[in-house]
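Enquirer: Fold the following, please.
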Amino acid sequence: MIGKISEKDKFTTLVVDDEQDLADIAAELLALHGMETVVAYSAQQALEIMELRNDIDAIFSDVMMPNMTGFEFAGIAAKNYPMIKIVLTSGFVALDRWNQTAHHYEFVNKPYFIDAVIEKLRR
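Expert: Modelled structure (predicted):
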């Protein structure tokens, strides 16, 4: 099990998921492990948050969202904020789609263990 993040290792993670309960649970689990979290319930809302804040160090985003997928969001975020770590998650992405679209992003399958998410966010 990964321990809590020390004060010197703290960073802020933007959690993005259109399913509000899942976003809130993920944010709460990350916070319980010492991470600062900000939650967005859509990719568009996440982009708006990123424009207003300069303390986002990592993104943990669902892939399957309406209007703008996690793939599309990650592409915009990576272009505009190249220093931000991006980890995507989904329970519905086919492996061939993943390999064609987002092989350069970290990925965890849903359901996931929060330790696996933290490990990828901290890499």
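Enquirer: Which secondary structure element is home to Thr89?
Expert: Assessed by DSSP states H and E, Thr89 sits inside strand 85-90.
Enquirer: And the residue minimising distance to the centre of the chain, how far from Leu121?
Expert: Centroid-nearest residue in the chain, with CA atoms, centre = their mean: Phe60, separated by 0.7 Å. Counting by CB to CB, to the nearest Å, the gap from Phe60 to Leu121 is 7 Å. The way it works is simple: take the backbone N, C-alpha and C, and place the C-beta from them, glycine included.
Enquirer: Pull up the overlap in contacts between those two.
Expert: Common neighbours of Phe60 and Leu121, using CB atoms under 8 Å, 6 or more residues apart in numbering, are 13, 30, 87.
Enquirer: Quick check: the last one touching Phe60?
Expert: It stands for Val87. Yes. When contacts are counted by CB atoms under 8 Å, Val87 is listed as touching Phe60 (5.1 Å).
Enquirer: Need the residues touching each of those two.
Expert: 117, 121.
Enquirer: The closest residue to Glu19 other than its chain neighbours: neighbour count?
Expert: The shortest distance from Glu19 to any non-neighbouring residue, by CB to CB, 6 or more residues apart in numbering, is to Asp62 (7.3 Å). Neighbour count for Asp62, taken as other CB atoms under 10 Å: 24.
Enquirer: Beta-bridge partners for Asp62, please?
Expert: Thr89 (DSSP bridges).
Enquirer: how about it, what does it touch?
Expert: 16-19, 22-23, 70, 88-90.
Enquirer: just the strands in this protein please.
Expert: 12-16, 36-40, 56-62, 85-90, 106-109 (DSSP state E).
Enquirer: outside of the shortest one, which residues touch it?
Expert: When contacts are defined by CB under 8 Å, 6+ apart, strand 106-109 is touched by residues 85-91, 93, 98, 116-117, 120-121, 123.
Enquirer: quick revisit: now for the contacts of Asp62: which two are most distant?
Expert: Across those, no pair lies farther apart than Glu19 and Leu88, at 14.7 Å, counting by CB to CB.
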